[in-house]
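[1] coords please:
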Amino acid sequence: MPEPLVLIAGPLMDARIFLPQMIGLGDALPMLLPRRVNPGTIEAMAEAMLAEAPPRFALLGHGSGGMVAMEALRRAPERITRLVLIATDALPDPAAVSVARENAVVQARAGKYEAVLERDAAIVDYAGRGDCDDLAGLLRDMALAAGPEAFATQTRALQRRPDQQRTLRQTKLPALLIAGGADPLYRARRMELMSGLMADSRLEIAAGAGHLVTLEAPDLVNAALRRFLLPEPVSSPP
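    Below is the predicted model of the structure:
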């Protein structure tokens, strides 16, 4: 039996982003979703996740959940057997992005949260595609359910997130990285850089997919996860 897979979504998202993976792989792979927590920093989120996780586990993080996964790897590499990073970034916030995030926090706390969400890059991306209104609606629904204070807390966590390039360079764990080729938040070329830092990594790019690559390209994602997490046993010679 493989180690359980811990799935981490960002605090503004929920288990729905992993639904195709839970359906497609749940019969062969035990999966755990930690409680949705947003304690203020990437470091604190990683600490909370590690407190709930089993002693040994494979780890998958999407978006800001990927940043939590990298921090967990930095803190407890001996507990993690395999690492999957999806649509995320190991580098800290650029100054211009951090300023834009701060403006969004001010507006969200001033009662303009829905207007802030309508300018979110991923929501704008999906709303602008003729066949992706459901994904724009899902992102909006999850963010509205989380609320403006959770948005402000996560935004501040993203602004202050640590640079994890050294963490990736030092790890010897097998790693799988999956990027949306058209992700407006975390570009595929950034994940190419991350893959290049790691000693044992493979990168899958879903051409044309955006930030919710787990939902847009479930066949590609599930096949990559199955190959990575459930390798075929090597048969003994007759």
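
[2] how about the helix or strand hosting Glu114: buried residues?
    Applying DSSP states H and E as the criterion places Glu114 in helix 113-118. Neighbour counts using 16 or more other Cβ atoms under 10 Å place Tyr113, Val116, Leu117 of helix 113-118 among the buried residues. Yep, even glycine has a C-beta here, placed from its N, CA and C like the rest.

[3] quick check, nearest of those to Leu212?
    Leu117 (15.0 Å; Cβ to Cβ).

[4] mind checking how far the closest one is from Ala127?
    Distance from Leu117 to Ala127, counting by Cβ to Cβ, to the nearest Å: 11 Å.

[5] would you confirm that Arg202 contacts Leu176?
    Yes: using Cβ atoms under 8 Å, Arg202 is in contact with Leu176, at 5.7 Å.

[6] need the overlap of contacts for the two.
    Phe228 (Cβ atoms under 8 Å, 6 or more residues apart in numbering).

[7] how long is stretch 163-178 from one end to the other?
    19 Å (Cα to Cα, to the nearest Å).

[8] can you tell me the average pLDDT over it?
    Here stretch 163-178 scores 98 as its mean pLDDT.

[9] swap in stretch 210-227?
    Here the average pLDDT along stretch 210-227 is 97.

[10] which residues are in contact with it?
    17-21, 24-25, 28, 60, 62-63, 84, 86-87, 122, 125-126, 132, 135, 138-139, 176, 178-180, 182-186, 204, 206, 208-209.

[11] give me that answer again for 6 Å
    17-18, 20, 24, 87, 122, 125, 135, 178, 180, 182-183, 185, 204, 206, 209 (Cβ atoms under 6 Å, 6 or more residues apart in numbering).

[12] identify, from these, the entry nearest to Gln165.
    Nearest to Gln165 among the contacts of stretch 210-227, with distances taken as Cβ to Cβ, is Ala87, at 17.8 Å.

[13] all helices of this structure, in order?
    Ranges of helices in the chain, per DSSP state H, are 19-25, 42-52, 64-75, 95-107, 113-118, 121-127, 133-146, 148-159, 165-170, 188-197, 213-216, 218-229.

[14] at the geometric centre of this structure, which residue do we find?
    His62 (1.1 Å; Cα atoms, centre = their mean).

[15] count of neighbours near the nearest residue to that one once chain neighbours are set aside?
    Of all residues not flanking His62 in the chain, Ile86 sits nearest, at 4.4 Å (Cβ to Cβ, 6 or more residues apart in numbering). Applying other Cβ atoms under 10 Å, we find 34 residues neighbouring Ile86.

[16] how much space between Ile86 and Ala152?
    With Cβ to Cβ as the criterion, Ile86 and Ala152 are 24 Å apart.

[17] returning to that earlier point: would you mind putting the buried residues of helix 113-118 into TSV with distance to Ser98 and pLDDT alongside?
    Listed next are these as TSV, based on distance: Cβ to Cβ, whole Å; pLDDT from 0 to 100:
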residue	distance to Ser98	pLDDT
Tyr113	19	97
Val116	16	97
Leu117	19	96
